Each structure stands twice: as C-alpha cells, then as structure tokens.
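Asks: Pasting the sequence and the predicted model now:
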Amino acid sequence: QVQLVESGGGLVQAGGSLRLSCEYSEVTAAITSMAWFRQASGKEREFVAAISWSGVNTLYADSVKGRFTISRDNAKKSVYLQMNSLEPEDTAVYYCAASPKNYPVVTDFGSWGQGTQVTVSS
C-alpha cells in the first residue's frame, strides 16, 4: 500500500493562503487518482478536490471552487493543494488520499495520509 505524508498545514488569518503538500512513497497505479479530503471537528469527512494521473482532469467541491487549486508532480511524487482566500469554515484536518481508479468514488480511496491541521482565524 502506498504511503502518503501530508505537510504544510498551520494557522492563518482569514483571507490568507496556505499550500498543502502530500508526498507519496511510489509512483504506481495505486496513485492513479489523488484527492484531498477534510474533516472539521465534530463533522464528517468531506471531499475537497481530486486530480487525475496526468493532472489534466480536476474536480472540486462547490465550497472551495475558485479558491483552491489541486495539482500534482509525479516526478516529485507529490500532490499539492493551494488554498487562497481562506475562511474560518475551512478549518479542518486535511487528508491526502490515493485511488487506483480513473474515476473513483469516495470508497475507492484506499490509501490515506495522517492528516495536517489547517486553522483559519477570523
């Protein structure tokens, strides 16, 4: 199973920016699709963004569309989440996930990182 390690979380004021990184242990079919999810305290985990192997196809949750950008660099074995115009509602633990499928649903993501905390102050 591919190992995923997130970094880049922290405390930022509303309106600020953060860039999350997720490094994967190997470049195999296990990371065909990559995604970011988040879980706020007391809430269920929710989808944030996903990206295909080539990086051409991306998908975003409505709540982050226009503010967040997902990208990946397979040569660096990394996927990124650029978060701009952050809002207090974006406060959560952010998780990186990998799926071997081209058009995965949530249950197809079998590899998960340990998460990185993002806190947005008002």
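Replies: Ah, there it is.
Asks: elements contacting whatever helix or strand residue 72 lives in?
Replies: Using DSSP states H and E, residue 72 sits within strand 68-73. Identification of packing neighbours for strand 68-73 by 3 or more Cβ pairs under 8 Å, 6 or more residues apart in numbering; DSSP states H and E yields strand 33-39, strand 46-51, strand 58-60, strand 78-83. (Glycine included, C-beta is placed from N, CA and C.)
Asks: mind redoing it with 10 Å?
Replies: strand 18-24, strand 33-39, strand 46-51, strand 58-60, strand 78-83 (3 or more Cβ pairs under 10 Å, 6 or more residues apart in numbering; DSSP states H and E).
Asks: how about a markdown table for these, with mean pLDDT and distance to residue 91 added?
Replies: As requested, these are exported to a markdown table (pLDDT from 0 to 100; distance: least, Cβ to Cβ, whole Å):
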| stretch | mean pLDDT | distance to residue 91 |
| --- | --- | --- |
| strand 18-24 | 97 | 11 |
| strand 33-39 | 98 | 9 |
| strand 46-51 | 97 | 13 |
| strand 58-60 | 96 | 18 |
| strand 78-83 | 98 | 11 |
